[in-house]
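A.B. asks: Need coordinates for the following:
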Amino acid sequence: MRLAGFNLQPTGLYVDGVTNGGLEFRSDTGLFAFKQTTQEAKNIGTVTPSMMMGSVGSSSHYGQLGWYASEDGPQNGSFHLGLLSSQTPSLAYNVDPLCRSTDVQHEEYACTQAGQLVFDPAGYMNGIALGIGQGVNFNPGLIVDSNANVTIPKTMTISQDARVQGTMVVGGKGGSIGIVSSDNKRTSYLTTDSNGNLFMVPDRANSGGGFRNYTFAYNNLPTAAQGTQFYCSDCYSQLRPASNTDLGLIVTWNGSQWIDGVGMRVQH
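C.D. replies: Reported below is the predicted structural model:
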């Protein structure tokens, strides 16, 4: 059927009078539209579909995008734009955001919930989130609140350089920065004690946890701020016994000279 307006009709197709919750439009391409006009209290996990936006196949699976309201938590209702994934083309007949719908010609659809873009996530009214699932099973990976503050509840992997302009605060129970060795086999964690003192913690016994100063020969020690430390490869303390010819110690710039651990000017 063709609706030809010849650029003269302001409205091509208008559907009116459908009961609340009724199906306004349906096709065998996975495109469905529902009339939803009421606002009422619902149990956690309840979904109210508005539109299923068509089914399409890729080289590996089929997908169907849905727009629906979801009760993800007691704080407020949420709105999901979410993907359903299936290995069969049965999504062309699915009318439910959770894949629970049945059709007279089809069994219950074998599909799973995939990525979700969530508006007004539970506890973050006027915010937005990215995650998986819905209801009590909604699992957010990134949340932006109404003030544009970002929360990342899960592990974040950065494959390229990361630049922070401003203060980066790592806090909470067990808050630390893990630094992985070049062979990806060992990790040391930079953290603080209850007094705010910084220290390193190894991920296993007898492996890591130390702090290594950068090494310079004395004549190559750089300009530094007071309190800066390096390892000087050809320095020694004035307290070194005459019979000891070993070189190398940690040196500290005191504002006017490089000193050893007891405050004496280092020798080289």
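
A.B. asks: how would you label Gln226: helix, strand or coil?
C.D. replies: Following DSSP: H, G, I helix; E, B strand; the rest coil, the label given to Gln226 is coil.

A.B. asks: so how far is Val262 from it?
C.D. replies: Distance, Gln226 to Val262, using Cβ to Cβ, to the nearest Å: 17 Å. Where you see a C-beta, it was placed from the backbone N, CA and C, and this is true even at glycine.

A.B. asks: so where do the strands sit in the stretch 151-268 of the chain?
C.D. replies: 177-180, 187-192, 198-202, 215-216, 229-232, 249-253, 258-259 (DSSP state E, counting those that start in this stretch).

A.B. asks: Report the strands that pair with the second one, each with its relative direction.
C.D. replies: The one in question is strand 187-192. strand 177-180 (antiparallel), strand 198-202 (antiparallel) (DSSP bridges).

A.B. asks: what is the rounded mean pLDDT of the last one?
C.D. replies: Throughout strand 198-202, pLDDT has a mean value of 82.

A.B. asks: Residues in contact with it: which ones?
C.D. replies: Contacting residues not belonging to strand 198-202 are listed as 176, 186-193, 208-211 [Cβ atoms under 8 Å, 6 or more residues apart in numbering].

A.B. asks: can you pick the most crowded of the residues you listed?
C.D. replies: Within the contacts of strand 198-202, Ser188 tops the neighbour count with 20 neighbours, counted by other Cβ atoms under 10 Å.

A.B. asks: In terms of pLDDT, where does that residue sit?
C.D. replies: At Ser188, the pLDDT value in this model is 83.

A.B. asks: From Tyr236, how far off is Asp246?
C.D. replies: In this structure, Asp246 and Tyr236 are 7 Å apart, going by Cβ to Cβ.

A.B. asks: Could you do Gly141 as well?
C.D. replies: 54 Å.

A.B. asks: out of these two, which sits in the busier spot?
C.D. replies: Each of Gly141 and Tyr236 has its neighbours counted (other Cβ under 10 Å); Tyr236 has more, 18 against 15.

A.B. asks: pLDDT score assigned to the more buried one?
C.D. replies: Looking at Tyr236, its pLDDT is 96.

A.B. asks: contacting residues for it?
C.D. replies: 246-249, 266-268.

A.B. asks: if we go to 10 Å?
C.D. replies: Residues near Tyr236 by Cβ atoms under 10 Å, 6 or more residues apart in numbering: 218, 244-249, 260, 266-268.

A.B. asks: Just give me the longest strand of the protein.
C.D. replies: strand 47-57 (DSSP state E).

A.B. asks: Tell me how far that strand lies from the chain's centre.
C.D. replies: Taking Cα atoms, centre = their mean, to the nearest Å, one finds the center of strand 47-57 at 26 Å from the center of the full chain.

A.B. asks: Ser256 is in contact with Gln226, correct?
C.D. replies: Yes. With contact defined as Cβ atoms under 10 Å, Gln226 counts as touching Ser256 (8.9 Å).

A.B. asks: mind checking pLDDT for the residue lying closest to Ser146 once chain neighbours are set aside?
C.D. replies: Using Cβ to Cβ, 6 or more residues apart in numbering and skipping residues adjacent in sequence, the residue nearest Ser146 is Asn126, 3.9 Å away. On the pLDDT scale, Asn126 is placed at 97.

A.B. asks: and Asn126, how far is that from Gly66?
C.D. replies: Going from Asn126 to Gly66 by Cβ to Cβ gives 22 Å.

A.B. asks: And Gln160, by the same measure?
C.D. replies: Between Gln160 and Gly66 the distance is 33 Å, computed by Cβ to Cβ.

A.B. asks: Equivalent analysis for Pro202, please.
C.D. replies: From Pro202 across to Gly66, the span is 47 Å (Cβ to Cβ).

A.B. asks: out of those two, which sits in the more crowded spot?
C.D. replies: A side-by-side neighbour count of Pro202 and Gly66, using other Cβ under 10 Å, places Gly66 first with 25 against 14.

A.B. asks: Surely the more buried one is in a strand?
C.D. replies: Yes. Gly66 sits within a strand when classified using three-state DSSP.
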